[in-house]
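J.: A predicted structure for the sequence below; I have some questions about it.
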Amino acid sequence: MFDDLPPDLERLHTLRVWHAMWLARIDGKIEQLLQRQAEQEQGRRAKPQPPEWIVELGIGVGRPPVQVHQGSCYMAGKRRRPVGREEARHLLTGGTSPCSHCRPDIGLGITG
């Protein structure tokens, strides 16, 4: 029936143990990769989305707005806060300058 296997019981037991060890190693690696994949997926879900718009704030009392940026703009300074679409539009139409890199005025449909 299975002519490619050894004929004696001792070698068959050895092969079974050897294959069981390999199967345990393979199952362990599969479990490790599934765990890593689950952690990465959880990390992607846990990562907050950047705000749609950012206002960069100046130095001093009251921290006046200096520039408006798109939420993903890396040119925004450290002093900033997220703003909604309407507030970003209000700031830009009120005289706050748009970032020349990410051009939030174009993204908001404000031409001037």
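T.: Yep, it's here. Numbers count the residues shown, from 1 in each chain.
J.: only C-alpha atoms from now on, for both contacts and neighbour counts.
T.: Will do.
J.: now the helices for the protein?
T.: In the chain, the helices defined using DSSP state H lie at 9-46, 85-93, 104-107.
J.: who are the packing partners of the longest one?
T.: Contacts of helix 9-46 with other secondary structure elements, assessed using 3 or more C-alpha pairs under 8 Å, 6 or more residues apart in numbering; DSSP states H and E, are absent: no helix or strand is involved.
J.: just the last one next, same as before
T.: In terms of contact count using 3+ C-alpha pairs under 8 Å, 6+ apart, helix 104-107 is assigned the packing partners strand 65-70.
J.: partner strands of the strand it packs on and their direction?
T.: strand 53-57 (antiparallel), strand 97-98 (parallel) (DSSP bridges).
J.: which of these sits closest to R85?
T.: With C-alpha to C-alpha, the closest approach to R85 among the strands paired with strand 65-70 belongs to strand 53-57: 6.7 Å.
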